[in-house]
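# Sequence below, structure please.
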Amino acid sequence: MAGDGLRTRRRSVLSATAVALSGVAGCSGTLQGNDGQSLTVSMLAAGSLNNALENGVRSSVDATVQIEVHGSAEVARLIAAGQKDPDIVSVADIALFDSPLQPDWFAEFATNSIVIAYNPNTEGGQQLADAGAEDWYQPLLSGDVTIGRTDPELDPLGYRALFMLELATAHYGTDTNLRDAIPRTEQIYPETQLISQFETGSVDAAIAYRNMAVERGYDYIDLPAEIDLSDPSYTDTYESATYELPSGKVVSGGLISYGSTIRHQSPAAIDVFTEHITGAYLNEFGFVVPDDYPRFTGNAPSEVTN
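Residues are numbered from 1 along each chain as shown. From the prediction side, this is the model:
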């Protein structure tokens with residue numbers, strides 16, 4: 001892990017370079033360092049990181065950061081298909097670094113959990129609030145309460161919602177298979193649309209990451225650790241749930257762990273990456289950072305691990 005002093009020195013170097021070349025940038029419109037490398041760093045990331053990157057990372061580094069977000073499965077597909085070529089890629093499921101992405105190394109930097117966000121101003125949302133953590137699924141089975149989710153073919157949150165419902169069936173001992181009974185195809189939305197549908201009251205609730213609820217001030221129900229995909233001690237239980245992606249790859253449940261790697265290394269990219277995986281903003285935006293994070297897999301460069 002890079003210390004604050006190291007990050008400060010990196011920023012100082014980058015700042016000095018940027019100031020020295022600002023006149024050139026004004027003519028060409030492209031800010032570059034002495035070695036010709038751009039001080040603009042592009043990031044392609046999971047949609048659940050968007051607010052944290054925009055408001056937590058961008059203002060903490062000297063490089064200009066270009067952020068584009070999609071569902072993590074879509075992020076991986078765009079890169080694998082050669083349609084996107086970002087400097088840094090971050091996904092909400094490290095399984096995507098096994099396939100279709102296969103970087104030489106990556107860092108796990110934060111965890112999350114699944115919650116039920118609800119709108120207390122709708123009748124359906126109030127029913128969920130009254131039911132609480134032990135009975136939240138009962139109003140949903142009645143068919144009178146609407147709950148949005150993201151597309152499992154594009155986004156780990158989408159298939160994790162199905163994992164949670166499958167695990168909930170066993171955890172609560174229900175006679176009804178909740179994974180079959182609760183999800184409705186017409187209530188699948190891209191993540192940004194899911195937020196707008198929820199905030200306008202078009203749906204009573206949403207299956208969301210905890211950080212999404214915290215950073216937006218939503219009311220939400222914390223689910224039992226046995227089903228919320230946040231507790232390492234239940235990893236074996238989580239792995240019992242599976243989903244087959246359109247590519248044929250079968251993904252299994254597991255601890256939610258965010259991963260990131262640098263695809264095009266430069267001083268500016270390392271500076272942005274270091275802030276991204278170690279910054280205090282992660283806790284501020286509702287993520288959980290275990291004591292042993294960031295945790296590296298593969299041959300990470302010493303400029304990153306030191």
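# Can you spell out which helices and strands pack onto the helix or strand hosting Ala131?
Following DSSP states H and E, one finds Ala131 within helix 123-135. On a contact count with 3 or more C-beta pairs under 8 Å, 6 or more residues apart in numbering; DSSP states H and E, helix 123-135 meets strand 114-118, helix 137-141, strand 205-209, strand 219-222. Yep, even glycine has a C-beta here, placed from its N, CA and C like the rest.
# In CSV, list those along with mean neighbour count.
Below are the helices and strands packed on helix 123-135 laid out as CSV (neighbours: other C-beta atoms under 10 Å):
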stretch, mean neighbour count
strand 114-118, 26
helix 137-141, 19
strand 205-209, 28
strand 219-222, 17
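# can you list the ones you listed in TSV and add distance to Asp291?
Formatted as TSV, those follow (distance: least, C-beta to C-beta, whole Å):
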stretch	distance to Asp291
strand 114-118	22
helix 137-141	33
strand 205-209	21
strand 219-222	21
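# To Asn299, which of these lies closest?
Smallest distance to Asn299 across the helices and strands packed on helix 123-135 (C-beta to C-beta): 30.0 Å, for strand 205-209.
# Beyond the closest one, next helix or strand please.
Strand 205-209 is succeeded, C-terminally, by helix 210-216 (DSSP H and E).
# tell me how far that next one is from the chain's mean position?
11 Å (C-alpha atoms, centre = their mean, to the nearest Å).
# repeat for stretch 127-139
With C-alpha atoms, centre = their mean, you get 26 Å for stretch 127-139.
# averaged over its residues, what pLDDT does that stretch have?
The average pLDDT within stretch 127-139 is 95.
# Which residues outside that stretch are in contact with it?
116, 118, 120, 124, 140, 144-145, 168, 172, 174, 178, 182, 204-205, 219, 221-224 (C-beta atoms under 8 Å, 6 or more residues apart in numbering).
# What residues of it count as buried?
127-129, 131, 136-137, 139 (16 or more other C-beta atoms under 10 Å).
# Any regions of the stretch 1-150 of the chain where pLDDT drops low?
Low-confidence segments of the stretch 1-150 of the chain, defined by pLDDT under 70: 1-38.
# all strands of it, in order?
40-46, 64-70, 88-91, 105-111, 114-118, 147-148 (DSSP state E, counting those that start in this stretch).
# elements contacting the last one?
Pointing back at strand 147-148 there. helix 191-199, strand 205-209.
# Sheet partners, orientation included, of it?
strand 205-209 (parallel) (DSSP bridges).
# Could you list the residues in contact with the strand it pairs with?
48, 92, 112-119, 124-125, 128, 140, 145-149, 157, 161, 164, 194-195, 197-198, 218, 220, 256, 286.
# same for the one helix or strand Ala268 maps to, what does it pack against?
Taking DSSP H and E as the criterion, Ala268 maps to helix 267-278. Applying 3+ C-beta pairs under 8 Å, 6+ apart, we find helix 267-278 packed against helix 4-20, strand 40-46, strand 88-91, strand 105-111, strand 257-262, helix 302-305.
# what about the closest residue to Asn51 other than its chain neighbours, neighbour count?
Spatial nearest neighbour of Asn51, excluding adjacent residues (C-beta to C-beta, 6 or more residues apart in numbering): Glu215 at 5.3 Å. Using other C-beta atoms under 10 Å, Glu215 has 19 other residues around it.
# Could you do Asn283 as well?
14.
# Name the nearest residue to Val272, sequence neighbours excluded.
Nearest one to Val272, counting by C-beta to C-beta, 6+ apart, is Val41 at 4.6 Å.
# re the thing from before, for the helices and strands packed on strand 147-148, which has the smallest mean pLDDT value?
helix 191-199 (a mean of 84).
# what angle sits between the helix holding Ala131 and strand 114-118?
150 degrees (axes from the mean of the first three to the mean of the last three C-alpha atoms, to 10 degrees).
# related to what we said a few turns ago, of all the helices and strands packed on helix 123-135, which one is nearest Pro290?
Of all the helices and strands packed on helix 123-135, strand 205-209 comes closest under C-beta to C-beta, at 16.2 Å.
# Identify the residue nearest Thr150 in space, chain neighbours excluded?
For Thr150, the closest residue by C-beta to C-beta, 6+ apart turns out to be Gly158, at 4.1 Å.
# What is the burial count for that neighbour?
24.
# Pro86 against Val69, yeah?
No. With contact defined as C-beta atoms under 8 Å, Pro86 does not count as touching Val69 (11.0 Å).
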